[in-house]
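Engineer: okay, here's the prediction I keep looking at, along with the sequence it came from:
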Amino acid sequence: MKIKSVNPYTEEINWTYDALSFGDCEDQIENSRAAFSGWGSLSVEERTTYISRAAEVLRQNRQVYAEIITKEMGKPIRQSLAEIEKCAWLCDYYAENAVEFLKDEVVETEAEKSYVTFEPLGIILGIMPWNFPFWQVFRFAVPALTAGNVCLLKHASNVPGSALEIEKIFTEAGLPGDVFKTLLIDSKVAMEIIDEELVDGVSLTGSVGAGSQIGELAGRMIKPLVLELGGSDPFIVLEDADIDRAAQVAVKSRFLNAGQSCIAAKRFIVIEDVVVDFVEAFELHIQELKIGDPMDEETDIGPVAKKEFVDILEKLLKDAKKKKSEPYIYGEKPEKGFFFMPTLIPVASTDMKVCNVEVFGPIAPVIMAKDEDEAVKIANSTEFGLGAEVWSADLERAERLAKKIRSGFVTINGMVKSDPRMPFGGIKKSGVGRELSYYGLKAFVNIKTIVVN
Ligand code: NDP
């Protein structure tokens, strides 16, 4: 089988690789197992030196990596560069804090001495998506490696170039061979690897469908698991909000990465008194977006990552039209490339698919709510619970509301953004477990109790 990378802007093939079979992977996994005995016994201080070097490598070659991202999945180059910077920041963060986070925790009991110690588990398999092809991998791998695990990466099939380049970054940073390894495999082989008990933990970022299949298998094999799945984040605008500021951030939050982000704002829930003002301001700012060649530094919106995503988005729009909405579509579609133009649905209703499924593309439905309670009810009405945004001049009121929203993350008067210092993850169908921060570092460790009497 071939793994093929296609440029979503030029529609040309970037590069093609032969996929590995399960048999090809077995030797590699044995090498990873051997690498674990060395890497897992280093001190945290020693491991973080390598992680610091990975940050240096990222910064030195940021342009090269950013161009690979843009070529493989169509993200505007400015955003690809920012993604690389963020990976370097993540490395810095764990390099600076991991020793403190992983130190033994003494617990006073009636015993002579009792404490908790954190030990690595072994080989962790990361199954990662294409939407932030470097960030998603670093977010999983850096804490796992810092804690002393070794990592295997099964990246999305449309970004093999990113997958191989990431392996090179860790090699250049001096990590011993086989501590981080990319396997160019399809999802069937990834499932076989889990099923044959070759790994000690699994981390997936991707769709609910993939999460459910991988979660079922990992559950059967009793493997620790982190699932970072989709979202349909509500963006609530109360009547006392700064409407123009909210609209500006709404554009960024919905249209960044052509709308292909799990924590993009996906439903705009606006109190009826201000809905007209909000739509007007939203529209104005959408019109400022520059659509086109993602390699151009001026571009805000490029193509979506795969051709089939255009069809999926068109079907969602068709459903919204059938349910009596009149969408506004902005800009002129470039002649080539997998483009879906920014679309605003000014009067959306909760029975539309765009208000229920995870819409991975630039469609923004605005739903009117009569008051705060109704806004919360709508916000909580999907199967997801990843992020949410609340806009209000009254911070106490906004915080009260934040606590009523069923999600893993709420931002008041700002955009939901992952941050290495803060835990990240969802509830309901948005996932299981947490990444980043102190909590993410503990996702793949043996939290071991030692009691001395
Ligand atoms: P998928 O969930 O199918 O893919 C994500 C990763 O999981 C890829 O590496 C994929 O490999 C792998 N994968 C998928 N199914 C399995 C399986 N059964 N066993 C092992 N690995 C598996 O996402 P898509 O790229 O197909 O995108 C579809 C939709 O998923 C999007 O429109 C969006 O709604 C959602 N999505 C959400 C993301 C998020 O960040 N929350 C990220 C990406 C997608 P392969 O590429 O080889 O199939």
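Structural biologist: Great, that's in hand.
Engineer: next secondary structure element downstream of the helix or strand where Ser253 lies?
Structural biologist: Using DSSP states H and E, Ser253 falls within helix 243-255. Sequence-wise, the next helix or strand downstream of helix 243-255 (DSSP H and E) is strand 265-271.
Engineer: describe which strands that next one pairs with in its sheet and in which direction.
Structural biologist: In the sheet, strand 265-271 lines up against strand 233-237 (parallel), strand 363-369 (parallel) (DSSP bridges).
Engineer: what does the helix holding Ser253 contact?
Structural biologist: Outside of helix 243-255, the residues within contact range by Cβ atoms under 8 Å, 6 or more residues apart in numbering are 235, 237, 264-266, 268, 274, 277-278, 281-282, 284-286, 288-289, 300-301, 342, 362, 364, 389, 391, 413-416. Heads up, the C-betas are built off the backbone N, CA and C, glycines and all.
Engineer: so which bits of the stretch 1-150 of the chain are right by the ligand?
Structural biologist: 127-131 (Cβ under 6 Å from any ligand atom).
Engineer: are any of these buried, and which?
Structural biologist: Among these, those classed as buried by 16 or more other Cβ atoms under 10 Å are 127-131.
Engineer: please flag which of the residues you listed sit within strands.
Structural biologist: In this view, those that belong to strands under DSSP state E are Ile127.
Engineer: which of the strands paired with strand 265-271 sits closest to the ligand?
Structural biologist: strand 233-237 (10.9 Å; Cβ to the nearest ligand atom).
Engineer: between the closest one and helix 243-255, how big is the angle?
Structural biologist: Using axes from the mean of the first three to the mean of the last three Cα atoms, to 10 degrees, one finds that strand 233-237 and helix 243-255 are set 170 degrees apart in direction.
Engineer: pull the distance from strand 233-237 to the chain's centre.
Structural biologist: Put simply, strand 233-237 sits 19 Å off its chain's centre (Cα atoms, centre = their mean, to the nearest Å).
Engineer: what's the answer for stretch 380-391, then?
Structural biologist: 16 Å.
Engineer: would you mind measuring the gap between the ends of that stretch?
Structural biologist: 16 Å (Cα to Cα, to the nearest Å).
Engineer: measure Thr10 to the ligand for me?
Structural biologist: Separation of Thr10 from the ligand (Cβ to the nearest ligand atom, to the nearest Å): 20 Å.
Engineer: neighbours of that residue, how many?
Structural biologist: 15 (other Cβ atoms under 10 Å).
Engineer: what do you get for Glu12?
Structural biologist: By other Cβ under 10 Å, neighbour count at Glu12 equals 9.
Engineer: who are the contact partners of it?
Structural biologist: Glu12 sits next to Val6 when contact means Cβ under 8 Å, 6+ apart.
Engineer: ok, it to the ligand distance?
Structural biologist: 20 Å.
Engineer: ok now the helix holding Ser253, how far from the chain's centre?
Structural biologist: 20 Å.
Engineer: ok, now stretch 93-100?
Structural biologist: With Cα atoms, centre = their mean, you get 22 Å for stretch 93-100.
Engineer: residues of that stretch that come out buried?
Structural biologist: For stretch 93-100, by 16+ other Cβ under 10 Å, it's 93-95, 97-98.
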